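> just a sequence and a predicted model for now, questions to come.
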Amino acid sequence: MSPLLHASLQPTSEAHVRQRKTHALSSSLIRPAVARLLIAAAFSAAASVACSKEPTRWDKAVETAKSVEKADLPKPVVAEGGSLNKFFPPKEFDGKKVTFTAEKPGAVEAKLEEGGAEIGTLAITDTNGNADALAKFDKAAEEVSGAPLVTQGKNKSAALVGKRFQVSVMSQKLDPEARKAILGKFDIRGLSSFTPPVAK
Amino acid sequence: MSDIAISQLLEELPATSLTTRVLGGLDYLVPGEWVNVTNFEETVKLVTGEDDQALIQQVGERAIALYADASNGYQRAVSLYKLVDSGSTMAGVTALAGKLAEDVSWLQFLGSVTPKSETTQSIDAALKFAAEIGAFCCSNGIPGDSVGEFVSALTAYEKEDKVRFAAWIALDCVLPLGPEFFSLLTSSLSGAMDKLEASPLYGKLHGFIPGSGAGDKSAFLREALEKSSAHITGFAQEKDLTQAGILDTVKGYIDGAEGKLDYAAAILDLSTNVFEHTGIQSVARRVIKRAYAEI
């Protein structure tokens, strides 16, 4: 048996992959003999596909997201991501290393490592257009460098800076005190008076 | 927006497939980094470490909304990962057609029209590198303030990202190209850039590579590859990656290709969707992480 034909006789999920690729093969190389062989094998495996969809806890959120996108509402004005980089802790401090991993309009993230292993995620996000995120700080009982500080769940500590920027430390390895200490390494004073350029 | 939510995309991934078995077989390269989680709630729990149901719901809903907003780029990242596995790169197809022509007399006419497999495979590997960069930029933006910092983010890959990168090095670079894979890759991004630019996949992804024109973009790719060279070649050396070793690992999944390197690489390319499978998992993790920071 040809190795390719043999490889085609796999469960359904592979049949999908191969079906797409064999279509590419047939349309680009136009080699009828090879293509027919592949397509026949792929279709026979695909024939057993049965789709069933059970309700999930996310269905409502999916529908809401679809209608929000359909409504095409104006997006909130948020800070240019890169303008927030300078308020993060230094690239190296107290034996820890900070590596930027994501930069989107109004949201920047960095990985926090110690001894070569990830110990958490640092983030600055713009709360413009995100009233729920702001509301939780009304109940803040603590502060860091003058900014209200809250703990969310087990693994996140966040400060609200300049009544706009949420500065977070998320970690499954650090306790709230350690997370608070790292929040103190951000340039909270600088960020509190920062007027950011607007993201395009 | 895309009609399919990130929660659905993730949950439609197979729990077991040839792809997951091959990735499982590569676990020794990145021990414990990748677990095939295809349940959205489970992914939220894993990423956040939270068990409060209300918080999990809040994170999941925000992640779904972030993905649904096409302007955030996450949908584009998924479409690029899908394109890589859709046959757009074609190395598997052309290499296999070429190999069939060598071995089967009645197919010899194919041999005269298909490119030499090494050239095709190195262009394919370079194209997949470009697609990874394009998808990374769509889902993560361009973090840091320099190409060096951008590459730091790339080499700081973990979990699904890390296994996808390891699979690319093993299955798309070392297996078909051998120990000189890195120089072949570099040549593809310099001498054969015109062939990359002619591919439908590059046509769809080049807009997401940093740089204002074709020259800038190819220069960015070359610089990113060059700055990742220690990471990539170091990984291959540290893990003692050889064609024979990888073939030994994967031969159980591709009966009929024993001892035939070109067959093995081509069949794997045709039969698996490593980029799509792990790419959807990467994007799910990415939006969940951002949602957790934003709520």
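Thanks, I have the structure now. Numbering: from 1, shown residues only, chains lettered A, B, ... in the order given.

> closest to the centroid, which residue in chain A?
residue A:102 (8.4 Å; Cα atoms, centre = their mean).

> so who does that one touch?
A:108-109, B:139-141, B:143, B:153, B:286, B:289-290 (Cβ atoms under 8 Å, 6 or more residues apart in numbering or on different chains). Just so you know, the C-beta spots here come from the backbone N, C-alpha and C atoms, and that holds for glycine as well.

> then residue B:250?
Residue B:250 is in contact with B:22, B:25, B:171, B:175, B:264, B:268, counting by Cβ under 8 Å, 6+ apart.

> number of residues surrounding the second one?
To tie it back to what came earlier, the one meant is residue B:25. 18 (other Cβ atoms under 10 Å in any protein chain shown).

> roughly how far does the nearest residue to it once chain neighbours are set aside sit from residue B:264?
Excluding the flanking residues, the one nearest residue B:25 by Cβ to Cβ, 6 or more residues apart in numbering or on different chains is residue B:249, at 5.1 Å. Look at residue B:249 and residue B:264: by Cβ to Cβ, to the nearest Å, they are 10 Å apart.

> circling back to that earlier point, distance between the helix or strand hosting the residue nearest to residue B:25 and the chain's centre?
Element membership for residue B:249 (DSSP states H and E) is helix B:243-250. Its chain's C-alpha centre and that of helix B:243-250 lie 19 Å apart, by Cα atoms, centre = their mean, to the nearest Å.

> now swap in stretch A:70-77 and tell me
Here the centre of stretch A:70-77 is set off from its chain's centre by 20 Å, with Cα atoms, centre = their mean.

> okay, and for chain A, where does confidence drop off?
A:1-52 (pLDDT under 70).

> can you give me the strands in it?
In chain A, the strands defined using DSSP state E lie at A:92-93, A:96-104, A:107-114, A:117-126, A:142-144, A:147-152, A:156-161, A:165-170.

> so who does the nearest residue to residue B:202 once chain neighbours are set aside touch?
Leaving aside its chain neighbours, residue B:202 sits nearest to residue B:196 (5.0 Å; criterion: Cβ to Cβ, 6+ apart). Taking Cβ under 8 Å, 6+ apart as the criterion, residue B:196 is in contact with B:123, B:126-127, B:130, B:188-189, B:202, B:218.

> give me the element residue B:196 is part of.
For residue B:196, the element it lies in under DSSP H and E is helix B:193-198.

> and the average pLDDT for that helix is what?
Helix B:193-198 shows a mean pLDDT of 85.

> tell me the buried residues in it?
Using 16 or more other Cβ atoms under 10 Å in any protein chain shown as the test for burial, helix B:193-198 gives B:193, B:195-196.

> which of those sits closest to chain A?
residue B:195 (14.4 Å; Cβ to the nearest Cβ).

> tally of neighbours for the closest residue to the closest one other than its chain neighbours?
Distances taken as Cβ to Cβ, 6+ apart place residue B:123 nearest to residue B:195, at 5.4 Å, with adjacent residues excluded. Neighbourhood size, residue B:123 [other Cβ under 10 Å]: 27.

> is it true that residue B:123 touches residue B:192?
Yes - between residue B:123 and residue B:192 there is a contact under Cβ atoms under 8 Å: 5.5 Å.

> residue 78: what's it in contact with?
Defaulting to chain A. Neighbours of residue A:78 in contact, by Cβ under 8 Å, 6+ apart: A:105-107, A:126, A:128-129, A:198-199.

> the intended chain is chain B.
Contacts of residue B:78 (Cβ under 8 Å, 6+ apart): B:2, B:6, B:9, B:279-280, B:283.

> ok so it is a helix residue?
Yes - judged by DSSP: H, G, I helix; E, B strand; the rest coil, residue B:78 forms part of a helix.

> okay, it and chain A: tell me how far apart.
Going from residue B:78 to chain A by Cβ to the nearest Cβ, to the nearest Å gives 15 Å.

> do residue B:243 as well
Distance, residue B:243 to chain A, using Cβ to the nearest Cβ: 17 Å.

> now for that residue, how many residues are close by?
Counted with other Cβ under 10 Å, residue B:243 comes out at 18.

> what does the one 5 residues further on give?
In terms of burial, residue B:248 registers 12 neighbours under the definition other Cβ under 10 Å.

> again with residue B:155
17.

> with the one 4 residues further on instead?
Burial measure for residue B:159: 20 neighbouring residues, criterion other Cβ under 10 Å.

> for it, phi and psi?
phi 50, psi -130 (degrees, to the nearest 10).

> OK, contacts around residue A:186?
A:87-89, A:122, A:124, A:159, A:161, A:167.

> could you dump the residues you listed to JSON lines with distance to chain B and neighbour count?
Formatted as JSON lines, the contacts of residue A:186 follow (distance: Cβ to the nearest Cβ, whole Å; neighbours: other Cβ atoms under 10 Å in any protein chain shown):
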{"residue": "A:87", "distance to chain B": "13", "neighbour count": "19"}
{"residue": "A:88", "distance to chain B": "11", "neighbour count": "21"}
{"residue": "A:89", "distance to chain B": "14", "neighbour count": "19"}
{"residue": "A:122", "distance to chain B": "9", "neighbour count": "26"}
{"residue": "A:124", "distance to chain B": "9", "neighbour count": "24"}
{"residue": "A:159", "distance to chain B": "12", "neighbour count": "27"}
{"residue": "A:161", "distance to chain B": "14", "neighbour count": "27"}
{"residue": "A:167", "distance to chain B": "10", "neighbour count": "28"}
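
> of those, closest to residue B:222?
Comparing these against residue B:222 with Cβ to Cβ places residue A:88 closest, at 28.9 Å.
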